[in-house]
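> next come a sequence and a model predicted from it.
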Amino acid sequence: MSAPPVTVLQAMPEEEAAIRAAVRNVDPATLGPDRVLATAAHVDSLTALLADPAVSDPIYDLPRPIGTASVGAWVAEAERLRQAGEGVLILSLDEAGEVAGYSMFSVWPHRSSAEIVGAMRRDRQSQGQGGAGAARSFGWMFEVLGVRLIGLTAALDNVRSAKVIEAAGFVSQGERDSVRPDGTVRRSRYWELGRAEWERLHRL
């Protein structure tokens, strides 16, 4: 299950309300073309994506075992979180309208903080686009959702994600325990980045 960043920020009521409103009213097209909010209509295609171990194995917070029932419940919970202003599940569709990737944004408005977890379909991996896509997502979280801090985790052996995260300017904070939906624990590498540092790094 997603957990807020280790660093604790305190949002003023106005900031918290603005973040919740941004999440509730988010336009997925602002993240990129062919992006949509996940709905029940996408469950079969999303299940097919996540059933591939190359996509889902490195990710700790997916519902398991992966099937249409568990993925359907996950999509419904993501919509509940969006209505509460605390999360949004955005899908990337291919030319045929099938799910080619996903991004789950978990948001803690009262702490002006967020996390992103996501993956792309196997045929879209290792094409040199992961870094640019991740950077776009990070900037979007700061600029569109309005948070001031992002915390990220990756499995200890997930070298590819670690390179993308560190290339974007995130600072390693060592390791932390990530709790899976079934209650088991995965030890993870952990990074944080604040909005001011992001703007310094990417707008100079």
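Thanks, I have the structure now. These numbers come from a predicted model, not from an experiment.
> so where is this protein shaky, pLDDT-wise?
For the chain, applying pLDDT under 70 flags the ranges 1, 125-130, 204.
> residue ranges of the helices in it, please?
13-24, 43-50, 53-56, 68-84, 130-140, 159-167, 195-202 (DSSP state H).
> would CSV of these with distance to Asp94 and mean neighbour count be doable?
In this view, the C-beta of every residue, glycine as well, is placed from N, C-alpha and C. Below are these laid out as CSV (distance: least, C-beta to C-beta, whole Å; neighbours: other C-beta atoms under 10 Å):
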stretch, distance to Asp94, mean neighbour count
helix 13-24, 26, 16
helix 43-50, 9, 20
helix 53-56, 14, 14
helix 68-84, 18, 17
helix 130-140, 15, 17
helix 159-167, 21, 16
helix 195-202, 29, 14
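> need those helices in CSV with distance to Ile90, can you?
Output for the helices of the chain, formatted as CSV (distance: least, C-beta to C-beta, whole Å):
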stretch, distance to Ile90
helix 13-24, 11
helix 43-50, 11
helix 53-56, 16
helix 68-84, 9
helix 130-140, 9
helix 159-167, 18
helix 195-202, 20
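> relative to Glu95, which of those helices is closest?
Of all those, it is helix 43-50 that lies closest to Glu95, at 13.2 Å by C-beta to C-beta.
> now that closest one, how far from the chain's geometric center?
The chain centre lies 17 Å from the centre of helix 43-50; the measure is C-alpha atoms, centre = their mean, to the nearest Å.
> could you dump it to PDB, C-alpha only?
In PDB, the C-alpha atoms belonging to helix 43-50 read as follows (Å, rounded to 0.1, in the frame of the first residue of the first chain):
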ATOM      1  CA  VAL A  43     -10.600  -3.500 -16.600                       C
ATOM      2  CA  ASP A  44     -10.100  -6.400 -19.100                       C
ATOM      3  CA  SER A  45      -7.400  -4.500 -21.000                       C
ATOM      4  CA  LEU A  46      -5.700  -3.300 -17.800                       C
ATOM      5  CA  THR A  47      -5.800  -6.900 -16.400                       C
ATOM      6  CA  ALA A  48      -4.000  -8.100 -19.500                       C
ATOM      7  CA  LEU A  49      -1.300  -5.500 -19.100                       C
ATOM      8  CA  LEU A  50      -0.700  -6.300 -15.400                       C
END
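> in the chain, which residue is closest to the centre?
Nearest residue to the geometric centre of the chain (C-alpha atoms, centre = their mean): Ile116, 2.1 Å.
> contact partners for that residue?
103-106, 137-138, 141, 150, 152 (C-beta atoms under 8 Å, 6 or more residues apart in numbering).
> can you pull up the bridge partners for it?
Ile116 has the following beta-bridge partners by DSSP bridges: Phe105.
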